[in-house]
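Trainee: Requesting a structural model of the entry that follows:
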Amino acid sequence: LAVGYSIETRKYLNRHITLHFGKMGISGADVMPALSRYFKLARDYSRRLGYDLAWVWVRENGENGDHVHILMTVPDALSRKFLTMSRKWLSRACDAPYVRRGQRTRKVAGWSTRTSQPSPTYFENLKALVAYLAKQCSSQTRFRQQQIAKGRKSLPVIGKRSGHSENLGEATRRKLHLIK
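Mentor: Below is the predicted model:
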């Protein structure tokens, strides 16, 4: 629902960010407070510059520890500076120095930074990314079986597994009378 609402409201999720909390020395119950701090820093920064971020996220725990996949609206005007700041926010959120490859970020293919508009391939790629992120939201048992069949170690997630920014949530849609 949140991804569909982001498209309806033209808050296009144009950036895929992976935060590797395990590499930053954060695991288990400490991941959610660190993730919340990261989002607060990103939101405060963008608001100071007059932008409203939107995001959806999914948490996983694999061979390299806890990590979070985020689909986020990053205005093209902020794109370059945002990537630099994101490392600083991750470091502050984890209360640790940034570790090489502590984050990975890339534009959703098909997003045009020249026109700040999606192309038809953007929607295809966004759909594929959402399917990729949703794999962890399916039955934990089925997911673990799939990972084991692929020869990968899959560990359980402790705590919340997924979420979205408030501006994509049910309360916002209710306030705008989009749902009853």
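Trainee: Spit out the contact partners of the closest residue to residue 43 other than its chain neighbours.
Mentor: Nearest residue to residue 43 in three dimensions, chain neighbours excluded: residue 53, at 5.6 Å (CB to CB, 6 or more residues apart in numbering). No exception for glycine: its C-beta is placed from N, CA and C like everyone else's. The contact partners of residue 53, by CB atoms under 8 Å, 6 or more residues apart in numbering, come to 42, 43, 46, 72, 73, 74, 165.
Trainee: Quick check: residue 53 is in a strand.
Mentor: No - secondary structure of residue 53 (DSSP: H, G, I helix; E, B strand; the rest coil): coil, not part of a strand.
Trainee: Let me know the distance separating the residue nearest in space to the middle of the chain from residue 115.
Mentor: Most central in the chain under CA atoms, centre = their mean is residue 70, positioned 1.0 Å from the mean C-alpha point. Separation of residue 70 from residue 115 (CB to CB, to the nearest Å): 24 Å.
Trainee: ditto for residue 16
Mentor: The gap separating residue 16 from residue 115 is 20 Å, by CB to CB.
Trainee: Look at these two and report which has more neighbours.
Mentor: Each of residue 16 and residue 115 has its neighbours counted (other CB atoms under 10 Å); residue 16 has more, 20 against 9.
Trainee: A strand includes that one, no?
Mentor: Yes - under three-state DSSP, residue 16 falls within a strand.
Trainee: what's the spacing between it and residue 96?
Mentor: Computed with CB to CB, the distance linking residue 16 and residue 96 is 23 Å.
Trainee: after the least confident helix or strand in the chain by mean pLDDT, next one along is what?
Mentor: Least confident helix or strand of the chain, by mean pLDDT, DSSP states H and E, is helix 140-149 with a mean of 47. For helix 140-149, the succeeding helix or strand toward the C-terminus, using DSSP states H and E, is strand 162-164.
Trainee: what's that following strand in contact with?
Mentor: Contact with strand 162-164 is made by 2, 54, 55, 56, 57, 58, 59, 133, 136, 137, as judged by CB under 8 Å, 6+ apart.
Trainee: among those, which are in helices?
Mentor: Counted as lying in helices by DSSP state H, out of those, are 2, 133.
Trainee: Give me the distance from the lengthiest helix in the chain to the chain's centre.
Mentor: The residue-count maximum for a helix in the chain (DSSP H) belongs to helix 31-48. Taking CA atoms, centre = their mean, to the nearest Å, one finds helix 31-48 lying 12 Å from the centre of the chain it belongs to.
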